[in-house]
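Novice: from the sequence below, what's the structure:
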Amino acid sequence: MNNVEPLNIRMRFEAKRSWAFFLQKGFFLDGLSGMTVRDFLHEVLGFDENKIETEVRTIFINSSPVDDIDTTYVKDGDRLALGGAMPGLVGICMGRDNPYKGFRSDIVSQSREVQKSSTPVSLFIKIFSTLAVDSGPDILARGIGVEAADLAEFLEDKDSLFVSEIGDYSDDLKNALSKKSGKVFVTVQFE
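Specialist: Numbering: from 1, shown residues only. Alright, predicted model coming up:
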């Protein structure tokens, strides 16, 4: 998907929070077969090691919590959910590498190795909580894959938040999206 010509959107700074909610609904990104979860976080999402260790405290892959991001590998079609530390006892138990992880040993993602190759894989990702707010602008600047219809619906009531020097850019974009089906790759900058 990253080799597709992206739709480039420029929006006012005030639109950032609404995009954080959009990231919670989910989007697509491509990686390579055999990447560990850590590799994916670093190379595809652009997270540095400090962010991975201190801010990405809750990771689920296919609805199972992940503890060891160095021995859990992504594969095509995986669903990855990321968040900061969650509140309460359940939140503590679901966070990675915590002293209470034994309470969820039956549901934890099992380490699985995949042969490393240059074969592309597509993951569906959801990012929650403060992680979506803090990381969203950088992720959106790099670009995400989304269903054209979902993007059109999301942008429907945001005409006043677009930045453009030419005509009615928001209408032009919505018209372009209405002619597309399936996934589109979009980048977003906030000004």
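Novice: measure Thr71 to Thr58 for me?
Specialist: 18 Å (CB to CB, to the nearest Å). Every residue, glycine included, has its C-beta placed from N, CA and C.
Novice: which of those two has more neighbours?
Specialist: Thr58 (21 against 15; other CB atoms under 10 Å).
Novice: partner residues bridging that one?
Specialist: Gly83 (DSSP bridges).
Novice: so in this protein, where's the weakest helix or strand by average pLDDT?
Specialist: For the chain, using mean pLDDT, DSSP states H and E, the weakest element among its helices and strands is helix 88-94, scoring a mean of 51.
Novice: tell me which residue is most central in the protein.
Specialist: Ile125 (4.3 Å; CA atoms, centre = their mean).
Novice: is that residue in a helix, a strand, or coil?
Specialist: strand (DSSP: H, G, I helix; E, B strand; the rest coil).
Novice: show the contacting residues for it.
Specialist: Taking CB atoms under 8 Å, 6 or more residues apart in numbering, we find Ile125 in contact with 26-29, 45, 79-82.
Novice: again, but for Arg142
Specialist: 45-46, 187.
Novice: Pro120: which of those residues is nearest?
Specialist: Comparing the contacts of Arg142 against Pro120 with CB to CB places Leu45 closest, at 15.8 Å.
Novice: tell me the contacts of that closest one?
Specialist: With CB under 8 Å, 6+ apart, Leu45 has these contacts: 29, 125, 135, 139, 142.
Novice: columns secondary structure and distance to Leu173 on top of these, output as CSV?
Specialist: Listed next are the contacts of Leu45 as CSV, based on DSSP: H, G, I helix; E, B strand; the rest coil; distance: CB to CB, whole Å:
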residue, secondary structure, distance to Leu173
Leu29, strand, 21
Ile125, strand, 23
Ser135, helix, 24
Ile139, helix, 20
Arg142, helix, 19
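Novice: give me the buried entries from the contacts of Ile125.
Specialist: 26-27, 29, 45, 80-82 (16 or more other CB atoms under 10 Å).
Novice: in strands, which of those fall?
Specialist: 27, 29, 80-82 (DSSP state E).
Novice: now the residues you listed in JSON lines, with distance to Thr119 and pLDDT?
Specialist: Below are those laid out as JSON lines (distance: CB to CB, whole Å; pLDDT from 0 to 100):
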{"residue": "Phe27", "distance to Thr119": "21", "pLDDT": "97"}
{"residue": "Leu29", "distance to Thr119": "15", "pLDDT": "97"}
{"residue": "Leu80", "distance to Thr119": "18", "pLDDT": "96"}
{"residue": "Ala81", "distance to Thr119": "23", "pLDDT": "93"}
{"residue": "Leu82", "distance to Thr119": "23", "pLDDT": "95"}
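Novice: tell me which two of those residues sit farthest apart.
Specialist: Most distant of these, by CB to CB, are Leu29 and Ala81, 13.2 Å apart.
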